[in-house]
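In: sequence and predicted structure are below.
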Amino acid sequence: MSRHFFTEARAGLVHILRERGIIDEAVLQAFGVVPREHFVSGPFKQRAYEDIALPIDKHQTISQPFTVARMTELLEVKPNHTILEIGTGSGYQAAILAEMGASVYTIERHFELYTASRSILKELFPATAIQCRFGDGTIGWSEYAPYDGIVVTAGAPEIPDALLKQLKIGGHLIIPVGNEKSQIMHCIVREDESNYADYPLEDVSFVPLIGKQGWSGS
Ligand code: SAM
């Protein structure tokens, strides 16, 4: 596949996202720049700009581009925002956030995915602040809290308390909540020290969030 093929395909994906209702120009701009083909391997590279989830290692997925765009739009990311992502996976969502100028903190529970995504993110963003951590993201990352936004890219049985506590006042927590197969996307806005507004949105289907404040599993 030539570089030209990927450049054209990337522009095509931006067109699809726009048609599907993504209106935040900063989000669309980032999708027009970040090379999704770098986050998948082998035969999946040529399908990188189809609006579909694709398999990555450890039986996980790189989310569908529309879903990544939708969650990013709901975060209302501004340059210099500090964003925590739970579920680094391939690293693509983290790359979109970094491309938008956010300082990104991202946690992955599979060591192989943590090392692979960390190395690709370092290669693509040598001068940008993306901090990767190996571990259980359901307990958040308290050292750098509070965050302007938190995005959970795996399906949770309930909203982890730790993540609510690590959100700034005015910040958005975007999280799929439901059972292990299907969930509802929630946008939670911290209104003040102890009040949160919870907006349940569309149906989604994510791999399970496994951890202390998630599902049990291996
Ligand atoms: N954001 C990713 C991307 O752009 O490729 C997609 C992530 S994939 C749908 C969900 C990821 O969440 C998987 O890599 C999975 O291992 C990870 N995960 C599940 N539970 C987790 C937890 N408690 N802490 C950190 N990562 C977790």
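Out: Structure received. Numbering: from 1, shown residues only.

In: hey, let's count contacts and neighbours off CA atoms from now on
Out: Noted.

In: flag every residue of this protein that's near the ligand.
Out: For the chain, the residues in contact with the ligand (C-alpha under 6 Å from any ligand atom) are 60-63, 86-93, 107-110, 135-138, 153-154, 206-211.

In: just the ones of those in helices?
Out: In this view, those that belong to helices under DSSP state H are 92-93.

In: mind listing the helices for the protein?
Out: With DSSP H, the ranges of helices along the chain come out as 3-19, 25-31, 65-75, 92-99, 111-124, 161-165.

In: what sits against the nearest residue to S41 once chain neighbours are set aside?
Out: The shortest distance from S41 to any residue other than its chain neighbours is 7.6 Å, reached at I56 (C-alpha to C-alpha, 6 or more residues apart in numbering). Listed by C-alpha atoms under 8 Å, 6 or more residues apart in numbering, the contact partners of I56 are 40-41, 62, 89-90.

In: widest-spaced pair of these?
Out: The span of these, defined through C-alpha to C-alpha, is set by S41 and G89 at 13.1 Å.

In: from Y199, how far off is the most centrally placed residue in the chain?
Out: Taking C-alpha atoms, centre = their mean, the centroid of the chain lies closest to Q93, which sits 3.9 Å from it. With distances taken as C-alpha to C-alpha, to the nearest Å, Q93 is found 22 Å from Y199.

In: do S182 as well
Out: 17 Å.

In: tell me what the longest strand anywhere in the chain is packed against?
Out: Ranked by residue count and defined by DSSP state E, the top strand of the chain is strand 167-178. Strand 167-178 sits against helix 65-75, strand 147-152, strand 183-190, with contacts defined as 3 or more C-alpha pairs under 8 Å, 6 or more residues apart in numbering; DSSP states H and E.

In: and those: which comes nearest I120?
Out: Of these, the one closest to I120 (C-alpha to C-alpha) turns out to be helix 65-75, at 18.1 Å.

In: residues contacting that closest one, please?
Out: With contact meaning C-alpha under 8 Å, 6+ apart, helix 65-75 is reached by 17, 20, 22, 24, 27-28, 51-53, 93, 97, 149-151, 172-174, 187.

In: could you redo the last one with a cut-off of 7 Å?
Out: For helix 65-75, the surrounding residues in contact (C-alpha atoms under 7 Å, 6 or more residues apart in numbering) are 17, 22, 24, 27, 51-52, 93, 149, 172, 174.

In: quick one on the thing from earlier: just send the helices of the chain back as a markdown table, with mean pLDDT and distance to K45 too.
Out: A markdown table is the format used below for these (pLDDT from 0 to 100; distance: least, C-alpha to C-alpha, whole Å):
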| stretch | mean pLDDT | distance to K45 |
| --- | --- | --- |
| helix 3-19 | 95 | 9 |
| helix 25-31 | 98 | 16 |
| helix 65-75 | 98 | 14 |
| helix 92-99 | 98 | 13 |
| helix 111-124 | 97 | 15 |
| helix 161-165 | 98 | 34 |
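
In: most tightly surrounded among those?
Out: Across these, averaging neighbours per residue (mean count of other C-alpha atoms under 10 Å) puts helix 92-99 on top, at a mean of 26.

In: what about it, distance to the chain center?
Out: The chain centre lies 8 Å from the centre of helix 92-99; the measure is C-alpha atoms, centre = their mean, to the nearest Å.
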